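Enquirer: Sequence and predicted model, in that order:
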Amino acid sequence: MILKHPERVTSHVSQFDLLGNDEKALSKAFAYVLAKNRRALFTFLHQIGIPGRDTDNNYLATKVEIEHVSPEGRTDIEIFNRKSYHVIVECKVDSGRVYAQRTQYLGSFQDVPDRVMCFITQERDTNKEKHDGITTHHLSWLDILGAFDEARLQTDAIARQFMLYAIRTYKMKAQKEILVQDLGKPIEVERWKDYSVYKRDVTFGTPLYFAPYFTQRVDANIGRAMEYLSPVLGVLTLRPCEIDEYAADIESFTDSAERVKKWIKGVALGDADYQKAEHTFYFLGEPVRLPCRLQKDGTRKKGRGKNWIAGMIPKNRCVTFADLVKRLGDNQKG
């Protein structure tokens, strides 16, 4: 691994990258963020139903431990406050599933008011269980990143590095289906049309598909409104001037060398100030043209745009395939 490239004043590698890319690496990185960042700790505790307040006293009374060994086995992470809560966290990546561990550690809990067994996996697991006063929560890593994003933890350097590490290293796919965003600036339309790249402000999480909504006719060959659907093959957050350092990551998104070259050109499209700023890039597959053009909900009725889009599209507005199909059907009937 190259830690610093020539003619670069800093390294694009974080301390988390040095841990590797297995389950232990991710669980240790996550525990480190919880131990170092008080807001991250209480964001997670509240996410799993622990009511403790984010105070100096509660933070000082909380222990965060990794690889605790007990007669029941070795746990990934334990969070303990002797007056309030005991949380045991087991982490999985890739297609790792939870089997025996669902009940393996129930005998390890201390006698405190709130006891939670939390499993964090890469695949969504909606099972909910309760054993002898111990609540079991199942979260995906994207649930964790989403909660961190909502709490604006990316403003903290360590939390931000962890979020980028988790997305980049584990190629995480979001449960959100179709991201719909306005696209009107000529350079961004060019980036999408000619290079299959969508640029946006730094964000976390990955939709399955991207649908541009053209706010004006900026190209004679492209209509207005929503007409295309592109699969999201990969996501990276980086400075365009450092694109070459991410070549291996980009190559992992596709088997096509030509597509990689096109993507790299698309990221590089912009002036000097743009090159030095950090952005999130979606690397897209070939767009599919929808059978009819879809527009925003233009009615004035109460709740307009529910399950769809209306007015100025907010950041991270996602719709489901079910809603897309319904809109297509309604348009064709009309």
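Expert: Looks like it came in fine.
Enquirer: ok, now which ones touch Leu269?
Expert: By C-beta atoms under 8 Å, 6 or more residues apart in numbering, the residues touching Leu269 are Ile187, Glu190, Arg191, Tyr195. Yep, even glycine has a C-beta here, placed from its N, CA and C like the rest.
Enquirer: Repeat the analysis, applying 10 Å as the threshold.
Expert: By C-beta atoms under 10 Å, 6 or more residues apart in numbering, Leu269 lies in contact with Ile187, Glu188, Glu190, Arg191, Asp194, Tyr195, Val197, Lys199, Pro240, Gln275.
Enquirer: where are the low-confidence patches of the stretch 51-200 of the chain?
Expert: For the stretch 51-200 of the chain, applying pLDDT under 70 flags the ranges 93-106, 122-132, 170-175.
Enquirer: if we can go back for a sec, among the contacts of Leu269, which ones are buried?
Expert: Glu188, Arg191, Tyr195, Val197, Lys199, Pro240 (16 or more other C-beta atoms under 10 Å).
Enquirer: any chance of the residues you listed in CSV, with distance to Ile144 too?
Expert: Formatted as CSV, the buried ones among the contacts of Leu269 follow (distance: C-beta to C-beta, whole Å):
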residue, distance to Ile144
Glu188, 30
Arg191, 30
Tyr195, 32
Val197, 27
Lys199, 25
Pro240, 28
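Enquirer: Relative to Pro51, which of the contacts of Leu269 is nearest.
Expert: Nearest to Pro51 out of the contacts of Leu269 is Lys199 (C-beta to C-beta; 40.5 Å).
Enquirer: Please enumerate residues in contact with the helix or strand containing that closest one?
Expert: According to DSSP states H and E, Lys199 maps onto strand 197-200. With contact meaning C-beta under 10 Å, 6+ apart, strand 197-200 is reached by 179, 181, 183, 185, 187-188, 190-192, 210, 212, 230, 232, 235, 237, 240, 262-270, 274, 279-284, 315-316.
Enquirer: Break down the stretch 101-250 of the chain into its helices, ranges please.
Expert: Along the stretch 101-250 of the chain, the stretches classed as helices by DSSP state H, counting those that start in this stretch are 101-104, 141-150, 157-170, 186-195, 247-251.
Enquirer: Nearest to Leu324, out of those helices?
Expert: For Leu324, the closest of the helices of the stretch 101-250 of the chain is helix 186-195, at 18.6 Å, according to C-beta to C-beta.
Enquirer: Distance from that closest one to the middle of the chain?
Expert: Helix 186-195 has its C-alpha centroid displaced from the chain centroid by 24 Å (C-alpha atoms, centre = their mean, to the nearest Å).
Enquirer: Show me what it is packed against.
Expert: In terms of contacts (3 or more C-beta pairs under 10 Å, 6 or more residues apart in numbering; DSSP states H and E), helix 186-195 is packed against strand 178-183, strand 197-200, strand 209-214, strand 225-238, helix 257-268, strand 279-284.
Enquirer: and the third one, what's its mean pLDDT?
Expert: To tie it back to what came earlier, the one meant is strand 209-214. The average of the pLDDT scores along strand 209-214 is 93.
Enquirer: tell me the angle of that strand relative to helix 186-195?
Expert: 140 degrees (axes from the mean of the first three to the mean of the last three C-alpha atoms, to 10 degrees).
Enquirer: name the helices or strands packed onto strand 209-214?
Expert: Applying 3+ C-beta pairs under 10 Å, 6+ apart, one finds that strand 209-214 contacts strand 178-183, helix 186-195, strand 197-200, strand 225-238, strand 279-284, strand 288-294, strand 318-319, helix 321-333.
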